[in-house]
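A.B. asks: with the sequence up front, the predicted model follows.
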Number of protein chains: 2
Amino acid sequence: MNRPFVIPFHEGRLKMKDLLGGKGANLGEMTRAGLPVPPGFTITTAACLEYFEAGRILTEERKREIAMALSGLEQEAGKKLGDPRDPLLVSVRSGSVISMPGMMDTVLNLGLNDETVEGLAGLTDDPRFAYDCYRRFIQMFGDVVLGMAPYRFEETIEVRKEERGATSDTELSAEDWKWVIERFKEEVERETGNPFPQDPVDQLHRAVLAVFDSWHNQRARIYRKVHKISDGLGTAVNVQMMVFGNAGDDSGTGVAFTRNPSTGEKALYGEYLINAQGEDVVAGIRTPEPIAALASRMPGIYEQFRSICRRLENHYRDMQDIEFTVERGKLYILQTRSGKRTAHAAVKVAVDLVNEEIIDRETALTRVDPEQLDQILHRRIDPEAELDVLAKGLPASPGAASGRVVFDADIAERLSHEGQKVILIRPETTPEDIHGIVAARGVVTSRGGMTSHAAVVARGMGKPCICGCGEMEINLKQKEFRVAETVIREGDEISIDGGTGHVISGSVPLIDPELSEEFQLLLKWADEYRRLAVRTNADNPADAAKAREFGAEGIGLCRTEHMFMEADRVPLVQAMILAETVEERQKALEKLLPLQKEDFRGIFRTMDDLPVTVRLLDPPLHEFLPDMEELLTEWTRLSMNPDADPQELREKEQLLRKVRSLHEMNPMLGHRGCRLGLIHPEIYVMQLKALFQAAAEAMAEGVTVEPEIMIPLVGHVNELKEMRKLVDEVASEVQEESGRAIPYTVGTMIEVPRAALTADEIASVADFFSFGTNDLTQTTFGYSRDDAEGKFLHHYIDHKVLPENPFVTLDTDGVGKLVSMGVELGRKSKSGLKTGICGEHGGEKQSIRFCHQTGLDYVSCSPFRIPLARLAAAQAAVAERKEPEPVGESV
Amino acid sequence: MNRPFVIPFHEGRLKMKDLLGGKGANLGEMTRAGLPVPPGFTITTAACLEYFEAGRILTEERKREIAMALSGLEQEAGKKLGDPRDPLLVSVRSGSVISMPGMMDTVLNLGLNDETVEGLAGLTDDPRFAYDCYRRFIQMFGDVVLGMAPYRFEETIEVRKEERGATSDTELSAEDWKWVIERFKEEVERETGNPFPQDPVDQLHRAVLAVFDSWHNQRARIYRKVHKISDGLGTAVNVQMMVFGNAGDDSGTGVAFTRNPSTGEKALYGEYLINAQGEDVVAGIRTPEPIAALASRMPGIYEQFRSICRRLENHYRDMQDIEFTVERGKLYILQTRSGKRTAHAAVKVAVDLVNEEIIDRETALTRVDPEQLDQILHRRIDPEAELDVLAKGLPASPGAASGRVVFDADIAERLSHEGQKVILIRPETTPEDIHGIVAARGVVTSRGGMTSHAAVVARGMGKPCICGCGEMEINLKQKEFRVAETVIREGDEISIDGGTGHVISGSVPLIDPELSEEFQLLLKWADEYRRLAVRTNADNPADAAKAREFGAEGIGLCRTEHMFMEADRVPLVQAMILAETVEERQKALEKLLPLQKEDFRGIFRTMDDLPVTVRLLDPPLHEFLPDMEELLTEWTRLSMNPDADPQELREKEQLLRKVRSLHEMNPMLGHRGCRLGLIHPEIYVMQLKALFQAAAEAMAEGVTVEPEIMIPLVGHVNELKEMRKLVDEVASEVQEESGRAIPYTVGTMIEVPRAALTADEIASVADFFSFGTNDLTQTTFGYSRDDAEGKFLHHYIDHKVLPENPFVTLDTDGVGKLVSMGVELGRKSKSGLKTGICGEHGGEKQSIRFCHQTGLDYVSCSPFRIPLARLAAAQAAVAERKEPEPVGESV
């Protein structure tokens, strides 16, 4: 295909997004729809990729095409770039295919030079405005194109302000800006060895290349990594006629959402600043007015804008995020795109749009990112809790969090890697802080509004965020903030409530969320579409009940070892392990039996009428004993102490000997799973007795039970054969005793490669397979998760040795291949074989999609991931039915 | 197919072995060839399998068929079973498809009862002979059919001998045996509640079933496990007219090999006993005379026997093991089969038979079990050593061994499991001792000859054995033996030389074997047939030289970590690991470089003109540091000692901290292999520099080098990409410095499942794959070998959960599937990809066969396994060319 390199806006269309980028495509679409968009043209992603491939060189051919497009723009605008009397000024902005807000560079007011600035001044009869534009242009060009540090310019302005006794930029006069401009130009020449470029076409070329280059800047790379965007897409560049929100008090600029991006409420939501350029809003340097205030300030403009918003939303069939500028009483639309939103808002907007008959249900299902649902489901502050509220800011992103205060993104990242919960506190955030926001549980800024960088980014990530909390006096050097008399230092604990904007001292109790009507409705729709069943991993009645509430259709993994680990049972379990004879062990097991039976009975009751998959004991026995290292230290100490109690020493020694005898070089690959059941069948027999007795008793209460007994870590069909025999023996014993026929099935985890490779043999004695993809990932890669994540996995992911963390997102090429093979071989040998997944991947959307495609029967995940799984399963099914629409979140 | 259930000998043929068992088929074949075989019939394996399937019931149909065959036999013999005047007596013997000497049961002299014994006495005019036969029959029937403990009968005989003042059985008279028989019958009635069965047909049926049942006795099961024989074959039963070697001094019985089974020398080899039954020879109770002595005792018989031996050997085209009996001057052949032999003998016989034009080379290659070669290759006692010879016995199985003395098979097994070397000492061995012989390094008996149980079994296993060492007075109760004044107690160390029959005090120096001309010739033939190349695993010039001598065609695995582990280097390696800065580490690495370079240079010199595969550092770094547990104890002690040197304490603490930071939960799955190379490239750079510099220097000396750089533990193609870049960088650096173009290739181990599953991707950047099946077995099964073998693997193998130890014999169903997949995917992506195996399986015959079938290019194994691998590779190739002949070792 011959992909064009430069396209004027009026020729652009939304479906050309891959070529034009999101912004360019939207500008084209809006222009064609007759909206008041300043004219311009797009230099396409094809040109960007060509530029990188050619070794960062812009060919003469492209320069000619840009010149042609520029000449077209000049005709539309009725002005010429570099015309000293009536100069055309342009903005040069990045526009990638997938939105990356604020990650790449922009140059505004391009076309100004020592000559044209005079023309602008004369034409507008506003020299102050003209010089202000010029100095802004030099600043941005210096930063973006010439690579100069912004503070060099800021210092000059501060000097002038001080001289003038001014507290804000607006107090500086045209003459002040002229003085500033001279200093700026000197600074540029000193720094770069060349005078500030005066040729507007040269300015344009250099700005375009700088924007291309910004595709590969560090913050853009990090953003893409976090949001899983390919590095190979490249960015388009939009060159557009400048309009000026800073042309006086009949001018202004703003950003608005067609619906509330926090709540989804159908009402214009946004902010504007009088006499300002767009950067002033986004950067959060001045705190803007709410959009509603525009109704009284400029009623005509407000009505026109509202009408345009409605049109745009209907056109794009989604909530829009619109940038606009008013230049001397005329409204321009600079950009529109699907608005980022909280999960709450995403759900409400999707459901509302269906009710308003703008989209259908299938589309609605694709409009909510399952990963976002965490936000809705996660806890909020207990309303009963007594809060020591320190300060209140703007509620910029909902949810609550507690953590230690940090003032620096790097420190936030480091502490988070060490496992600490942190809250990042900044005067304002910039794209450079992105890794700190990723690492933090929540963000608080003292400046900026609801659409500031921090707010937008935090909402996207579903993290609580409070912005513009002016009461906070932040002292970065002292690493503390002060609210009135209270001083909070780095490391102190605070809590934040992104829903109310409250900053609270200390950590506070959090409670479970309630789920909105729209949320329930959306999940109901999801259930209609999905083919995968969704079960839960739950080891106790409370978790099981919570999961059922979230829509779980059964338990896919009930880990019986968690029952062993409860404080009151550990001594019994230890006595069982330390038993020297089978009789002693039997005695300890008999004491455990009634406890375990009660556990099972509670679970059966809760899961009445639903299947419950119970995995028999899996971890190595030494996990229930004291740590060898500690024990060794204790024993060494005791043995050196002449006053030590000899009895105690002897006991310690005995325990140490046992712990040592059970110690393993590689417990992950050691004596665990069904290997325990084969060597110590008495343990499994106890568990099975408890299980079947509980089932019989539950049945007696009228409960419908559906136990599925799962044998862990099977690698050879003979292991399952032996264990199945054991299950059947205990089952018939209990059935005889209780006089009840208990319906049960027996299956296995598929969690070592050999099980998948010989799934046909194993299926011959299994009723179901449950893929334990956590362990399967460990054995397939040869990674010990405990060791890998601390030692090399981060490096692997950071350096793209691996595309993803395979413990988070299922590695379809390797582990997935085994899963597919397992399903295929298993079904070949037993057509009705039930298959599911119970690793953590069962609650991750990409992995769920894989499970759908592979034809599994169900996924099982932790209770709070169940809504996510229901939605992700529906999306996988919808994706199979139709290609996704060209509009949506990603525009 | 309609498989017959009963077949008379004259209808049997060798090729019916599956049906008739080895013994039955041979008896048939011999009968048809006109040899003097006592008449009889075979109840087939089909009947045996039917019997087990029917729940151990012999159908009426089968009884009728047996009756018909019996009537045929009676006609041939001219006698009738149960005829009180001239009774037919028969032997009832097992005969399985694959020979299992002494493992199953036999009943002789069947047909005797209170009436027929009188007939026999009258007919032979030898009442003593008749009553001796009858008491022997009751004894054997009691043991085999009625399940009575043999000592009950032995005691009765001892009582009578004491009464008579007799020291041997031969001193007892007819009246004595009559008295003994009455006591025996009383004993039977007391024990079983029934009188001793008098109906000969009933006797026959019960004996046949007992032999069937003996297929599943414990010693037979163990034997089959050791020799990898299927449990599903079943045994045939041969019913044959008795002839009597114990009919007087013109009678006798013996066993002879057509060639010497120890050396392969072409000369009759065997033993006979005058006036005895076969059991007396095999059981080793009386020490027999050498076969040569027969020439003077019965010259006619000897000549007839020699002629028959030649005929049988030509007929069966292999060395034969023949049982014969002389009854009153008439020679009968009772059995022939391919003779068990030492590896030395197997090689010599195979080569000699080719030279004698009896077999072809291909057949010769199949006549030696590769696993046996260990015997030839293993060490013998240094002839220079001063030996403290305690005693001398018969040299029953060659080879030398040292170990601790044990007197009990169970104890031998236990100590061997604990890793101790043991020598089993017994007065004589019985099939009940088989597990002790398996466990021991060597066996000594004080009684029995060269064809006694101990001798036959030990030769089969290739273990040194000394028999009939009468000087030894064994006291089982005291657990000691005495030779003259010397007492050796359980746990004392001795050495034995199975080639000389010497029992030596203490352990002695052993030396490498020299290889016979025949051995070299056979291996040369092997090389002509095999398709697999054979390389060696060697980490130093000495091993490499030894391997080259054995025929290695290159190094398939040079493990560089062994170079790090030499005593003088450990401090340097530790300094490198403990370095706090990259500079410090660099310094330590620079000191290691010249040492490692010398290692490589030596290896290149030794392997001039052959490929050398060098694996870069593989184990986790903590393997080079002190053990954490020890360190912790030391530190705890120091920290409690008020007089401890604070400097030492600090250093210890620092070391402990480092060791702890490197500590891993599952080192097998941890930070090792190329994961080290990716995080600490400086280590690999040093190794590569050393390697390439050594190659350049060796080339300067005129050596032809062919280095193959192998990256360990690759699981994702990107790992290999990164490492390949590193190799190429260092290579071009050294090539530039040295001015030499070094030919090298880069490949990877395939040792985690993911590598095999994505072999197509990995092959795109690899020149070769080497399957590391040790680790691949660990990860595919999810077994840590260190833990599994101590904790559950023995149980798994003993209880047939696994058919084999997968660390010994490649698991073709699981691990093998990954290997096949790896080869297939790899070649699909790169057709010229070189593939090999370097796990221990590369030196195991079944696994080598798998490698051949899978189309690998080479196997690599330890130096001493190379002849085995050459032979096994040839056998795999021969097996592909033609079906194996119906004669050979297994007849």
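C.D. replies: Structure's in. What do you need? Residues are numbered from 1 along each chain as shown, chains lettered A, B, ... in the order given.

A.B. asks: low-confidence ranges in chain A?
C.D. replies: A:1-2, A:278-286, A:375, A:378-379, A:451, A:460, A:462, A:882-891 (pLDDT under 70).

A.B. asks: isn't residue A:873 right up against residue A:528?
C.D. replies: No - between residue A:873 and residue A:528 there is no contact under C-beta atoms under 8 Å: 11.3 Å. C-betas here are computed from N, CA, C, even on glycine.

A.B. asks: comparing the two, which residue is more hemmed in?
C.D. replies: Legend: neighbour count by other C-beta atoms under 10 Å in any protein chain shown for residue A:873 and residue A:528, higher for residue A:873 (26 against 12).

A.B. asks: look at that one and give its secondary structure.
C.D. replies: Here residue A:873 is helix, with the state taken from DSSP: H, G, I helix; E, B strand; the rest coil.

A.B. asks: so who does it touch?
C.D. replies: A:526, A:530, A:531, A:532, A:534, A:848, A:851, A:852, A:859 (C-beta atoms under 8 Å, 6 or more residues apart in numbering or on different chains).

A.B. asks: make a PyMOL selection of whichever of the residues you listed turn out to be buried.
C.D. replies: In PyMOL, this line selects whichever of the contacts of residue A:873 come out buried by 16 or more other C-beta atoms under 10 Å in any protein chain shown:
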select buried, chain A and resi 526+530+532+534+848+851+852+859
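
A.B. asks: the contacts of residue A:873: which two are farthest apart?
C.D. replies: Spatially, the most separated pair among these is A:526 and A:851, at 15.1 Å (C-beta to C-beta).

A.B. asks: just to revisit the earlier point, next step: the contacts of residue A:873 restricted to strands.
C.D. replies: A:534, A:859 (DSSP state E).

A.B. asks: chain B: which of the contacts of residue A:873 is nearest?
C.D. replies: Each of those was scored against chain B by C-beta to the nearest C-beta, and residue A:851 proved nearest at 18.1 Å.

A.B. asks: hmm, the closest one is touching residue A:844, no?
C.D. replies: No - if you go by C-beta under 8 Å, residue A:851 and residue A:844 don't touch, sitting 9.9 Å apart.

A.B. asks: grab the nearest non-local neighbour of the residue of the stretch 201-350 of chain A found nearest chain B.
C.D. replies: Among the residues of the stretch 201-350 of chain A, residue A:231 lies closest to chain B, at 14.3 Å counting by C-beta to the nearest C-beta. Leaving out its chain neighbours, the residue that sits closest to residue A:231 by C-beta to C-beta, 6 or more residues apart in numbering or on different chains is residue A:224, at 6.2 Å.

A.B. asks: which of the helices or strands spans that neighbour?
C.D. replies: helix A:218-226 (DSSP states H and E).

A.B. asks: quick one: the helix or strand just after that helix to helix A:218-226, angle?
C.D. replies: Going down the chain from helix A:218-226, the next helix or strand is strand A:235-241, by DSSP H and E. When axes from the mean of the first three to the mean of the last three C-alpha atoms, to 10 degrees is applied, the directions of strand A:235-241 and helix A:218-226 differ by 130 degrees.

A.B. asks: just how off-centre is strand A:235-241 within its chain?
C.D. replies: 28 Å (C-alpha atoms, centre = their mean, to the nearest Å).

A.B. asks: now do stretch A:234-242
C.D. replies: 28 Å.

A.B. asks: helices or strands next to the longest helix anywhere in chain A in the packing?
C.D. replies: In chain A, assigned by DSSP state H, the helix with the most residues is helix A:582-606. Helices and strands touching helix A:582-606, as assessed by 3 or more C-beta pairs under 8 Å, 6 or more residues apart in numbering or on different chains; DSSP states H and E, comprise helix A:541-549, helix A:560-564, helix A:570-578, strand A:611-615, helix A:681-700.

A.B. asks: mind doing that once more with 7 Å?
C.D. replies: Judged by 3 or more C-beta pairs under 7 Å, 6 or more residues apart in numbering or on different chains; DSSP states H and E, helix A:582-606 is in contact with helix A:541-549, helix A:570-578, helix A:681-700.

A.B. asks: out of those, nearest to residue B:176?
C.D. replies: helix A:681-700 (54.6 Å).

A.B. asks: does any part of whichever helix or strand comes after that closest one sit near chain B?
C.D. replies: Downstream of helix A:681-700, the first helix or strand assigned by DSSP H and E is strand A:706-711. No - residues of strand A:706-711 are not located near chain B by C-beta under 7 Å from any C-beta of the partner chain, the shortest gap being 12.9 Å.

A.B. asks: contacts for strand A:706-711 next, please.
C.D. replies: A:610-616, A:674, A:691, A:695, A:720, A:723, A:727, A:743-749, A:768, A:770 (C-beta atoms under 7 Å, 6 or more residues apart in numbering or on different chains).

A.B. asks: relative to the whole chain's centre, how far out is stretch A:344-353?
C.D. replies: On C-alpha atoms, centre = their mean, the centre of stretch A:344-353 falls 19 Å from that of its chain.

A.B. asks: which other residues reach that stretch?
C.D. replies: A:259-264, A:266, A:317, A:319, A:341, A:359, A:364, A:367-368, A:372, A:376, A:398, A:516, A:518-519, A:521-522.

A.B. asks: cutoff 6 Å now
C.D. replies: With contact meaning C-beta atoms under 6 Å, 6 or more residues apart in numbering or on different chains, stretch A:344-353 is reached by A:259, A:261-264, A:319, A:359, A:364, A:367-368, A:376, A:518-519, A:521-522.

A.B. asks: still on that earlier bit, quick check: which of the helices and strands packed on helix A:582-606 is buried the most?
C.D. replies: Mean neighbour count (mean count of other C-beta atoms under 10 Å in any protein chain shown) peaks for helix A:681-700 among the helices and strands packed on helix A:582-606, with a mean of 22.

A.B. asks: what's the angle from that one to strand A:706-711?
C.D. replies: Using the same axes, to 10 degrees, helix A:681-700 lies at 170 degrees relative to strand A:706-711.

A.B. asks: relative to helix A:570-578, how tilted is helix A:681-700?
C.D. replies: 140 degrees.

A.B. asks: buried ones in stretch A:637-657?
C.D. replies: Those would be A:638, A:639, A:652, A:655, A:656, for stretch A:637-657 by 16+ other C-beta under 10 Å.

A.B. asks: out of the residues you listed, what pair is the most spread apart?
C.D. replies: A:639 and A:655 (13.4 Å).

A.B. asks: name the residues of the stretch 701-850 of chain A found near chain B, please.
C.D. replies: A:715-716, A:718-719, A:752-754, A:757-758, A:779-784, A:786-787, A:791-792, A:795, A:801-802, A:813-814, A:817 (C-beta under 6 Å from any C-beta of the partner chain).

A.B. asks: and residue A:271, what helix or strand is that in?
C.D. replies: strand A:269-274.

A.B. asks: what lines up beside that strand in the sheet?
C.D. replies: strand A:252-257 (antiparallel), strand A:289-290 (antiparallel) (DSSP bridges).

A.B. asks: okay, these, which one's buried deepest?
C.D. replies: Greatest average neighbour count among the strands paired with strand A:269-274 goes to strand A:252-257 (a mean of 26), per mean count of other C-beta under 10 Å.

A.B. asks: now do it: everything it contacts.
C.D. replies: A:245, A:268-272, A:274, A:276-278, A:281, A:291, A:321-326, A:339, A:451.

A.B. asks: now do 7 Å
C.D. replies: So strand A:252-257 is contacted by A:245, A:268-278, A:281-282, A:291, A:319, A:321-326, A:339, A:451 (C-beta under 7 Å, 6+ apart).

A.B. asks: now do stretch A:23-42
C.D. replies: Against stretch A:23-42 from outside (C-beta under 7 Å, 6+ apart): A:6-14, A:16-17, A:20, A:69, A:72-73, A:76-77, A:93, A:95, A:236, A:238-241, A:243, A:308, A:315, A:331-333, A:335-337, A:891.
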